[in-house]
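Engineer: sequence first, then the predicted structure:
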Amino acid sequence: MVVKEYDALPQAAASIRNDVFVKEQGFVDEFDDVDAGARHIVLYDGDQPISTCRIYFNSDKQSFVVGRIAVIRQYRGKNYGAKTLSAAEDVIRRDGGKSVLLAAQVRATVFYEKQGYAKQGDEFMEEDCPHIWMIKRL
């Protein structure tokens, strides 16, 4: 497994997100202005991109947000979601971050709790899917 960082949205990350969020989950507003200012992480198995996420500053500029965590179907259930999140946390620590926020799909909160995240606030809707903010102190 190889982890690569990009300062612009690479085609590998866009392709994974399109497959997971647009084709599988039916989200229509997957790509947004945040992508331009985010750091993008892609994990590879050889030359095959298998998972991705993006990292950006929260609007308060005091905390980092990890979002758009996606693993292609054939690599799910093999711990690549956790490895992708861990790679993002390593980048955030390196850059001096002390906490991470993420907007989790409610159905995925158990996964994030296993990674050390705690729910924060109330549920909200994004793309007709219930989400909740979660936080982890690094």
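Structural biologist: Looks like it came in fine.
Engineer: hmm, who's touching the longest helix seen in the chain?
Structural biologist: When secondary structure is assigned using DSSP state H, the longest helix within the chain turns out to be helix 80-94. Taking contacts as Cβ atoms under 8 Å, 6 or more residues apart in numbering, the residues outside helix 80-94 that touch it are 1, 3, 5, 39, 41, 43, 50-53, 55, 64, 66, 69, 71, 100, 111-112, 114-115, 136, 138. Quick note: C-beta positions are derived from backbone N, CA and C, even for glycine.
Engineer: could you pick out the buried ones from these?
Structural biologist: For the contacts of helix 80-94, a burial check counting by 16 or more other Cβ atoms under 10 Å picks out 3, 39, 41, 43, 50-53, 55, 64, 66, 69, 71, 100, 112, 136.
Engineer: quick one: low-confidence ranges for the protein?
Structural biologist: Confidence mapping of the chain against pLDDT under 70 gives the ranges 59-61.
Engineer: quick revisit: let's see the longest helix of the chain as CSV, backbone CA atoms only.
Structural biologist: Listed next in CSV are the C-alpha coordinates belonging to helix 80-94 (Å, rounded to 0.1, in the frame of the first residue of the first chain):
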residue,chain,number,x,y,z
TYR,A,80,-8.7,0.5,4.0
GLY,A,81,-11.2,3.0,5.4
ALA,A,82,-9.3,3.0,8.7
LYS,A,83,-5.9,3.2,6.9
THR,A,84,-7.1,6.2,4.9
LEU,A,85,-8.4,8.0,7.9
SER,A,86,-5.1,7.2,9.8
ALA,A,87,-3.1,8.6,6.8
ALA,A,88,-5.1,11.8,7.0
GLU,A,89,-4.6,12.1,10.7
ASP,A,90,-0.8,11.6,10.2
VAL,A,91,-0.8,14.5,7.7
ILE,A,92,-2.8,16.7,10.1
ARG,A,93,-0.4,15.9,13.0
ARG,A,94,2.5,16.7,10.8
